[in-house]
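In: next input, structure requested:
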Amino acid sequence: MDMLWSGWGDPAEATPLPDTVIGLLRDLLGVKPLEAGPVAIEDLTVPESPLPPAARRALIAALGGEAHVRTDAETRIRHTRGKSTPDLLRIREGDLAAVPAAVLLPGAHDEVLAVLRVCAEHGLPLVPFGGGTSVVGGLAPERHGPFVALDLRRMDALLGLDPVSRTATLQPGLRAPRAEELLAEHGFTLGHFPQSYEWASIGGFAATRSSGQASAGYGRFDEMVLSLTLATPEGTLDTGRAPRSAAGPDLRQLVLGSEGAFGVITSVTVRVRPVPRTRLYEGWHFPAFEEGTTALRRLAQDGPRPTVLRLSDETETLIGLANPDVIGSGARRTTGCTAIAGYEGTEEDTGYRRERAAAVLRACGGTPLGEEPGRRWARGRYSAPYLRDALLDAGAFAETLETATFWSRVPGLYASVRDALTAALTGAGTPPLVMCHISHVYENGASLYFTVVCAQGEDPVAHWTRAKHAAGEAILAAGGTISHHHGVGADHRDWYVREAGPLGVDALRAVKRRLDPAGLLNPGVLLPAD
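Out: Reported below is the predicted structural model:
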């Protein structure tokens, strides 16, 4: 099944907002209903594919048939942009400026190499396409002339499993739920469950340094990767042959987070773990975000660390963001902040960690809320993108951004970004509701994940562009990183260049020139296009 072209996920899972929520948006933020909904896909006018005939013939030969070089309108529309709110607003209005000339479907590493050679010969920019879930402009390259999208869905196999070493080799087009199914048949799990889990792909996880909601226990995806293979216009790069090595710099790190700018990831070998016998999630209440942050830091630094550990600030707790049916009702009964702690493993291990963690949480001012808040979070952990679509349908603007910093800088970063977003959007005439949660914790710091809801206004993309700029400036000034797990794309590129510094950017450019001399791979994503 393909994802909804103008929104998120499975259309059958989308539900409209209750009238009470629509009334709350109107009264609190001045949200007005839209005069019309998204353009129907059958009503879109798509220009005929500008793919040059010679390039088309060469691509058909490289991929073994016309069926794997698609130029029909619907397929090209479904590979236009990603799933950020500006992406969706543009495509809902029928803006097809970033539509690819063709969608290519390779079935093996050698076919990817062949496609890259053809693209280099004909000067065709190419964008790798996994699940299509980018929210940072990672699928709309800067280019002159037509470009092609490389859809990796046919490369969706479990290539190998080593139960003794507990490793698995996966192809890049394998979607996360199917990867879990294949691993579970052998008693293993990857343990990687980001909010995009239902639609995202293994290659995308590696290319963007994805971080899942159970990262406190399983780690980030880049920590799971032991080796990978990269197809480039200049040939194949194989990285990693042992769990750890002192044989020079780790070339895996050049590929992880490279977002298709250096090559196309064609296989990934990852660490896997036994499927947990027990999964238990529970809620905790804290009087304020400060106390909750201290509790999370204590657990992250001194243990025991739960598998899942996250903390909503007062506003996010008050609104009840993940549960549309109860949004706003929390204002009558809830103050303070809610944390979710989850434990996975054997019954003995989870029980031991839960008991010891509870002592720490209580010592930091926490009050147990039982398992119901945890179960509710687990049921709705993938629902936020659907809620975002429902808000757009109702005339509201909803978007997210995230960052990370060291524990000592968390309070300042939190206040700076929240204030920057509020000031920018209020000044534009669309005062926002700004919510935040700590989504991932480490011994030395944490990630902050912000959600913004406001009225769409006359030009919502322009409003958000100004607000995102203000937030980016606040992040760098407060000592944060421009992205913790969404990646760089085109949206974060200018701040990433400043974060990396001139010498760092020059080094990355040198790598790109060696692997992609013509600059055809995802131009303008990660690094400015030449």
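In: burial count for residue 10?
Out: The tally of other residues near residue 10 (other Cβ atoms under 10 Å) stands at 13. For glycine as for every other residue, the C-beta is placed from the backbone atoms N, C-alpha and C.
In: all helices for the stretch 101-250 of the chain, in order.
Out: 109-122, 176-184, 202-208, 215-218, 221-224 (DSSP state H, counting those that start in this stretch).
In: flag every buried residue along the third one.
Out: Yep, that's helix 202-208 we're talking about. For helix 202-208, the neighbour count (16 or more other Cβ atoms under 10 Å) marks 202-208 as buried.
In: tell me which of the helices of the stretch 101-250 of the chain sits most buried.
Out: Comparing the helices of the stretch 101-250 of the chain by mean neighbour count (mean count of other Cβ atoms under 10 Å), helix 202-208 comes out on top with a mean of 30.
In: residues touching that helix, excluding its own?
Out: The contact list for helix 202-208 (Cβ atoms under 8 Å, 6 or more residues apart in numbering) reads 128, 130-131, 133-134, 138, 152, 170-176, 179, 192, 194, 210, 221-222, 225, 228, 255-260, 264-266, 268, 270, 485-487.
In: returning to that earlier point: out of the helices of the stretch 101-250 of the chain, the one nearest residue 309 is which?
Out: Evaluated over the helices of the stretch 101-250 of the chain, closeness to residue 309 peaks at helix 215-218, with 4.4 Å, by Cβ to Cβ.
In: can I get the helices of the stretch 101-250 of the chain in TSV including distance to residue 38 and mean pLDDT?
Out: As requested, the helices of the stretch 101-250 of the chain are exported to TSV (distance: least, Cβ to Cβ, whole Å; pLDDT from 0 to 100):
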stretch	distance to residue 38	mean pLDDT
helix 109-122	32	98
helix 176-184	26	98
helix 202-208	25	98
helix 215-218	34	97
helix 221-224	32	98
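In: would you tell me which of these gets closest to residue 92?
Out: Ranking the helices of the stretch 101-250 of the chain by their distance to residue 92 (criterion: Cβ to Cβ) puts helix 202-208 first, at 23.1 Å.
In: just the CA coordinates for the closest one, please, in CSV.
Out: Output in CSV follows, covering the C-alpha atoms of helix 202-208 (Å, rounded to 0.1, in the frame of the first residue of the first chain):
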residue,chain,number,x,y,z
ILE,A,202,15.7,0.8,6.8
GLY,A,203,17.7,2.8,4.4
GLY,A,204,16.0,6.0,5.5
PHE,A,205,16.8,5.2,9.1
ALA,A,206,20.5,5.0,8.3
ALA,A,207,20.6,8.0,5.9
THR,A,208,19.1,10.3,8.5
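In: for stretch 307-316, which positions count as buried?
Out: 307-316.
In: whoops, I mixed them up, stretch 438-458
Out: Across stretch 438-458, burial judged by 16+ other Cβ under 10 Å covers 438-442, 445-457.
In: do the same with stretch 505-521
Out: Buried positions in stretch 505-521, judged by neighbour count with 16+ other Cβ under 10 Å: 505, 508, 511-512, 515-516, 519-521.
In: need the mean per-residue confidence for it.
Out: The average pLDDT within stretch 505-521 is 97.
In: next one: that stretch to chain centre, how far?
Out: 24 Å (Cα atoms, centre = their mean, to the nearest Å).
In: again, but for stretch 224-240
Out: On Cα atoms, centre = their mean, the centre of stretch 224-240 falls 22 Å from that of its chain.
In: identify the residues contacting it?
Out: Applying Cβ under 8 Å, 6+ apart, the contact partners of stretch 224-240 are 109, 112-113, 116-117, 119-120, 167, 190, 192, 206, 218, 241, 243, 250-252, 254-256, 262-271, 514-518, 520-521.
In: can you tell me which of the residues you listed are in strands?
Out: Using DSSP state E, the subset of the contacts of stretch 224-240 located in strands is 167, 264-271.
In: now, of those, which are buried?
Out: For the ones in strands among the contacts of stretch 224-240, a burial check counting by 16+ other Cβ under 10 Å picks out 167, 264-271.
In: residues in contact with residue 270?
Out: Here residue 270 is in contact with 167-170, 190, 202, 221, 224-226 (Cβ under 8 Å, 6+ apart).
In: skipping its backbone neighbours, what lies nearest residue 291 in space?
Out: Nearest residue to residue 291 in three dimensions, chain neighbours excluded: residue 365, at 4.3 Å (Cβ to Cβ, 6 or more residues apart in numbering).
In: how about the buried residues of helix 202-208 in TSV, adding distance to residue 279?
Out: Listed next are the buried residues of helix 202-208 as TSV, based on distance: Cβ to Cβ, whole Å:
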residue	distance to residue 279
202	22
203	27
204	25
205	21
206	25
207	28
208	26
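In: does the residue nearest to residue 291 touch residue 295 like I think?
Out: Yes: using Cβ atoms under 8 Å, residue 365 is in contact with residue 295, at 7.3 Å.
In: the two: who's more crowded?
Out: Just comparing residue 365 and residue 295: by other Cβ under 10 Å the higher neighbour count belongs to residue 295, 25 against 17.
In: so in the protein, which helix runs the longest?
Out: As assigned by DSSP state H, the longest helix anywhere in the chain is helix 493-515.
In: and the contacts of it?
Out: 230, 232-234, 237, 254, 261-263, 472, 475-476, 481-483, 488, 519, 521, 524-528.
In: and with 6 Å instead?
Out: 232, 234, 262-263, 472, 482, 488 (Cβ atoms under 6 Å, 6 or more residues apart in numbering).
In: do stretch 271-280 as well
Out: So stretch 271-280 is contacted by 166, 168, 183-184, 187-191, 224, 343-347, 350 (Cβ under 6 Å, 6+ apart).
In: tabulate the contacts of residue 270 (JSON lines), appending distance to residue 22.
Out: Listed next are the contacts of residue 270 as JSON lines, based on distance: Cβ to Cβ, whole Å:
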{"residue": "167", "distance to residue 22": "50"}
{"residue": "168", "distance to residue 22": "46"}
{"residue": "169", "distance to residue 22": "48"}
{"residue": "170", "distance to residue 22": "42"}
{"residue": "190", "distance to residue 22": "39"}
{"residue": "202", "distance to residue 22": "38"}
{"residue": "221", "distance to residue 22": "37"}
{"residue": "224", "distance to residue 22": "42"}
{"residue": "225", "distance to residue 22": "44"}
{"residue": "226", "distance to residue 22": "49"}
